[in-house]
Structure formats: C-alpha cells, structure tokens
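>>> Okay, sequence plus prediction incoming.
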Amino acid sequence: LNKIIQISLIIVFITVLFSFSIYAQDSTDSFEQPILITSIGQSSGAMMGKVLAAKSGLSYVYDQRAGIEALDNAKTLIVVLGVSSKGLGAAGVDIEAEIKWASELFDRAGERGIPIIAMHIEGSVRRGSLSNRISELFGSRADYLIVKSAGNEDGLFTNMAEANNIPISTVDATLDVVSILKNIFNIK
Amino acid sequence: MKKSIKQGYSSKKGYQVAILLGFIFTTTVFAADPVQHDIRQGEGVTRTTTLSEYFPALTGTPGDTTVYIMDSGIEGGTLLLLGGTHANEIAGVIAAVIAVEKGIVSSGRIIVIPHTNNSASRHNQGTFNPGSPQWIELKNSAGETRRFLYGDRYTQPEDQAVDPEIFIHNPSGMEFKGAEARNLNRNHPGKADGTLTQQISYALFQLVEKEEVDVLIDMHEASVTSRLAFTLVAHPRALEIAAMAKMDLEMNDINMTLEVSSDKFHGLSHREFGDHSNVLAFLTETPNPGMEKSIEHPDVINDPDNPLNMRLQVVLKSILAILDNYKIMNDQKKAITIGFPFPLSDLKNTNPGEFLR
C-alpha cells in the first residue's frame, strides 16, 4: 500500500511540476501592451486587426501605415499582411516602397526588442502574388503568426511557422482571433 | 461638307421642318413620365414622395423616381438605402422592394429608393450580357406573378445628350470613356445644371442634406467572376463599422471582402457621399450571373451557384450588420433598426417572391 501511495504522490508531484512549467512558459511568452497595429500591403485587414484588438480589450494604437517612430511607445507590434493595390495607391507607394518601409519597421522592432505578431486574416482574397511576397518576407520574421485557415489552404503559413520555429494559431472565423489575442496577452 | 449643308438646309422651309421635328423630339423625351413599377408599400412606409421633391428640375423627367420613407416615430438616425443605381443589378432592387413591402422600422428612419436611376430601369440595353432579360418574374405567396423590369447599367441614351468621346467627371476632372456620362455611379456628386444623370445624383445629395441622412448603403452587383463579387466597400470614415459588420457576417457564413474607397477613383457613391456629406457611406456587391459575358442565357433568379435568394440574403444581412454596428459605435439615440416578419435565413432555401406582398 505504501508503494502505491508513493507512486501516486510522485505522479501528483510530476503533474503539478509539469503544469507549473507550462504556466510559467505561458507567462514568460505573454506579449505586452501597448500595441502598435499597422498594415503591410495596405489592405483593409489592419482595420479588422484594430477591431479585434478592441474586442480583446487591448491597449493599442492603430496606424494604417505607421511611421518608424511610432514604435517608440509600443511593446508589441502587430502587422496585418495583405496587399491591396488600391490601398498602396491611396498611400502613394508601390510594392517596393512598401517592402522597404516594412523592413525598416521590422529592423527597428528588432533593435528595440519589440516582439512582432503577424496576422493574415482576410483569407484567400489576400493570397495573390504580391500578398504572397509580403507574407513570405515578413511572416517568416514574426514571433507569432495568427492566420485564417481560408488563407492557408496550401499550408503556406503552417510550413513557414514550422521552418522558422514560429508559434502559429489558425482560426476559421476572424472573430476567433479575439480569444487568441486574449490568451497571448494574458487578458483575463 | 459645305455642299451637304447647302443640300440639307438650303430652303427656309427645310429649316422650319427641322426645327419643328427637333422641338417635337425634345419635348417627347423630356415630357416622358418616369417609369412606374409594381411596388406595394407595406405597413412600415409612412410617406412616399419623389426624388424631384428635393430637386424640382427632375419633375416629369425620366430621372424622377419614388422615394419611400419609413419612420419609426422613435428617435434615431436615418438610413438611405439605394437600389437600382445600376438597374440591371437586381438583388439591390429587389432587396429595396422587400424593405418597402415587408420591413418594419423600430427606431430611426429608413428612406428607400428602389429605382435610383429610373431612366436606366426602363430598358435593358444588354450592356453586360445581351442574353440577360428585360423582365424578371417572381411568384408571391398568394401565387400571383410579380414582374420587375431588369434594366440597364446606364441612363437610357435617348434621355440625355449624345455621349461625349471622353466623359470628364465633375469636379475631379477624372476621365472616363464617353458612355460613363450615363453611369450614375460615376457621376456623383452630380451637378444641378448638368445632364440627367448628373441631376439625379445632385438630387440625391439634396435629399441627404435635407433629410440629415446618417448612413447610406448603395446596393450593387458584379459579374460572378469579378473580384468585386461579395464585397463590402466603405468610405474611410465608415471602415471600422464595415470591418465589424464583415466579421459579424462571417459568423453567418457570409464572407464579404472588405475594401476601402480609393481616393484616386471618383464618381462612386461611397467615395463622394463620404467626401461631400456627413454620411457614413457603404456599397455592397453580390454576384449576378446576368453580368457575366460568358454565360449565354443567364438565369438571374435560379442560377444554381448564385441564385437571387442567396444574393438577397447577403444584401439584407449586410444591411442589418452595418446598422447593428453603427448602433454600437454611436449613441443609442442614433440607432436605426429594421426587422422583417421572417428570419432572413429563410431566404436561403425559398423562392424570393415569397417575401413580397
């Protein structure tokens, strides 16, 4: 009987220890606020990102095409990936200028140790060649990927996550992003 | 050239005949009554008027059209719902008719214009598809056949001056091909002393101002293969509400692409009403097989992939999603609420005529 009690205690001890280590890891990996939300590709997805952040109760600043200095007050950068030709036109830039600007933004975030969450939440409509180019360039440099499954049918993002060891969450409905944001920002 | 002029108009009598014919032609065109439609107003309609009330120069022209006002009598905002800006884009026309015939407004006001370009509704020139119909027929729940004109994208050519070679949008100066002079959705914000199409637009702007409209939804359709099919477009000031509406629609298995108005492309309702008035402007696009050139005999009602009932469900649910989120983003005192005596999900599997009177 003693042996059974000993084994049970060991199992309980291991379980508690394991649970604690998961909790500790979650806490360590939590992203911090305030957040800067911007678009790479100038589609309307960044506005959806803003709405999702608001629904998650996060503290954020939304700027469709943020200046590099906007990172000064941010502790996390959320970029929403997706190219809209109209959006680029409205911003008065072409795809090369957009890539140059986004590279500078990512570099500055790296210098300041600001983690980056990349979202692709507009589905297949933002899987054209220009959107793919943006996604491959900047999704692969993110610290976390949040992707709508309709935009990942060919596994572009899951493969990217695996190849670059990036945590990824996929959602079927855009509003499901809210629970993911709450989780990774540790919002109760 | 000189010779032909001399031959044609050499005598005084010839001139008189030509002037007389010209006068008869002109008065015939401009004295034409606006087209009348079979729309049976429901209990939600509290007043009907015409667009010319807001711009008297339209009186008696083919551009005048009926305006239905649905006032809840309860404090709230005002929605202007436009169908038939392009008269061949019938999901918007029929959605507007359903609103007039069956809608019940419980807060604020809804102003509905089912045939916004009434001249365009008169005849289908087959602009997109020569095989598209002149009429559609829908059987109501009493078994009665309701007929609706399937019109055209453009103001009828006989209703305004010959198309210019290049149409220059007022006031941006943007250039379009000549026929776009008759495209209402390239003519906003219109012009009081302009063409009939410009005057229709001008009248709409007068209405928006006089009625203090808060939200405008212009219901359109696109070819089934167009990137615009299933799109919700919003003016930048309305984009946040559109993003919220888009996500709500997704929970109802309606996937709309969200687009923002380009500031480089002028004449469109969402751009110009947003820029030149206080309204939050939206535009919906559903896929109409009648606008696809490769379909020889399109069935604009019962197409297996894009039937009218599905398109109506998308449009009507989009309206509700926009209004729900408008209410969230604004004071409750600005709420605009419309309901129907049937669940909109019923539209998915039912003949759309069942939802008419």
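Ah, there it is.
>>> Show me which residues of chain A are close to chain B?
By the rule C-beta under 8 Å from any C-beta of the partner chain, the part of chain A lying against chain B is A:44-45, A:47-48, A:50-52, A:84, A:86-87, A:89-90, A:122-123, A:125, A:150, A:173-175. C-beta coordinates here come from the backbone N, C-alpha and C atoms, glycine included.
>>> what do you get if the cut-off is 7 Å, keeping everything else the same?
A:44, A:47-48, A:51, A:86-87, A:89-90, A:123, A:125, A:173-175 (C-beta under 7 Å from any C-beta of the partner chain).
>>> quick one: the helices in the chain?
Here I'm looking at chain A. For chain A, the helices defined by DSSP state H cover A:2-29, A:45-55, A:85-91, A:95-111, A:129-134, A:156-164, A:177-184.
>>> That was the other one, I meant chain B.
So, for chain B - with DSSP H - the helices run B:2-9, B:12-30, B:90-102, B:118-121, B:196-210, B:239-250, B:269-276, B:308-329.
>>> what number of residues lie near residue 53?
By default, I'm working from chain A. 23 (other C-beta atoms under 10 Å in any protein chain shown).
>>> right idea, wrong chain: chain B
B:Glu53 - counted by other C-beta under 10 Å - has 15 other residues nearby.
>>> and if you look at the one 5 residues further on?
Applying other C-beta under 10 Å, we find 23 other residues in the vicinity of B:Leu58.
>>> what residues are up against it?
Going by C-beta atoms under 7 Å, 6 or more residues apart in numbering or on different chains, B:Leu58 touches B:Leu51, B:Ser52, B:Asp64, B:Gln199, B:Ala203.
>>> Looking at those residues, which one is closest to B:Val224?
B:Leu51 (31.2 Å; C-beta to C-beta).
>>> okay, the closest one: pLDDT?
Looking at B:Leu51, its pLDDT stands at 98.
>>> contacting residues around it?
B:Leu58, B:Asp64, B:Thr65, B:Val67, B:Ile113, B:Ala203, B:Leu207.
>>> Help me confirm that the fifth one comes into contact with B:Asp64.
No - with contact defined as C-beta atoms under 7 Å, B:Ile113 does not count as touching B:Asp64 (10.9 Å).
>>> Going by mean pLDDT, which of the helices of chain A comes out lowest?
Among the helices of chain A, helix A:2-29 scores lowest, at a mean of 51.
>>> need the strands for the stretch 51-200 of chain B, in chain order.
B:66-71, B:78-82, B:104-107, B:109-113, B:135-139, B:145-149, B:166-168, B:175-177 (DSSP state E, counting those that start in this stretch).
>>> Could you tell me the angle between the first one and strand B:78-82?
Here strand B:66-71 runs at an angle of 150 degrees relative to strand B:78-82 (axes from the mean of the first three to the mean of the last three C-alpha atoms, to 10 degrees).
>>> Of the strands of the stretch 51-200 of chain B, which is nearest chain A?
For chain A, the closest of the strands of the stretch 51-200 of chain B is strand B:175-177, at 16.8 Å, according to C-beta to the nearest C-beta.
>>> mean confidence for that closest one?
98.
>>> picking up where we left off before, now tabulate the residues of chain A next to chain B in TSV and tack on neighbour count.
Converted to TSV, the residues of chain A next to chain B look like this (neighbours: other C-beta atoms under 10 Å in any protein chain shown):
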residue	neighbour count
A:Ser44	28
A:Met47	25
A:Met48	29
A:Val51	25
A:Lys86	18
A:Gly87	23
A:Gly89	15
A:Ala90	19
A:Gly123	20
A:Val125	21
A:Ala173	16
A:Thr174	26
A:Leu175	17
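>>> Tell me which of the helices of chain B sits most buried.
Ranked by mean neighbour count, the helices of chain B are led by helix B:118-121 with a mean of 30 (mean count of other C-beta atoms under 10 Å in any protein chain shown).
>>> which other residues reach that one?
Applying C-beta under 7 Å, 6+ apart, the contact partners of helix B:118-121 are B:34-35, B:62-65, B:84, B:86-87, B:115, B:149, B:151-156, B:159, B:196.
>>> Please tabulate the residues of chain A next to chain B in a markdown table, including the columns distance to B:Ile94.
What follows is those, written out as a markdown table (distance: C-beta to C-beta, whole Å):
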| residue | distance to B:Ile94 |
| --- | --- |
| A:Ser44 | 28 |
| A:Met47 | 30 |
| A:Met48 | 30 |
| A:Val51 | 31 |
| A:Lys86 | 29 |
| A:Gly87 | 32 |
| A:Gly89 | 34 |
| A:Ala90 | 33 |
| A:Gly123 | 28 |
| A:Val125 | 26 |
| A:Ala173 | 29 |
| A:Thr174 | 29 |
| A:Leu175 | 30 |
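>>> Dead centre of chain B: give me the residue that sits there.
B:Thr85 (2.4 Å; C-alpha atoms, centre = their mean).
>>> From B:Ala120, how far off is that one?
8 Å (C-beta to C-beta, to the nearest Å).
>>> circling back: kindly reformat the helices of chain B as CSV and extend each row with distance to A:Ile99 and mean pLDDT.
Output for the helices of chain B, formatted as CSV (distance: least, C-beta to C-beta, whole Å; pLDDT from 0 to 100):
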stretch, distance to A:Ile99, mean pLDDT
helix B:2-9, 62, 33
helix B:12-30, 55, 44
helix B:90-102, 39, 98
helix B:118-121, 44, 98
helix B:196-210, 40, 98
helix B:239-250, 24, 96
helix B:269-276, 28, 98
helix B:308-329, 33, 97
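>>> Kindly present those as JSON lines, with separate columns for distance to A:Asp63.
Output for the helices of chain B, formatted as JSON lines (distance: least, C-beta to C-beta, whole Å):
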{"stretch": "helix B:2-9", "distance to A:Asp63": "65"}
{"stretch": "helix B:12-30", "distance to A:Asp63": "52"}
{"stretch": "helix B:90-102", "distance to A:Asp63": "35"}
{"stretch": "helix B:118-121", "distance to A:Asp63": "41"}
{"stretch": "helix B:196-210", "distance to A:Asp63": "31"}
{"stretch": "helix B:239-250", "distance to A:Asp63": "14"}
{"stretch": "helix B:269-276", "distance to A:Asp63": "20"}
{"stretch": "helix B:308-329", "distance to A:Asp63": "19"}
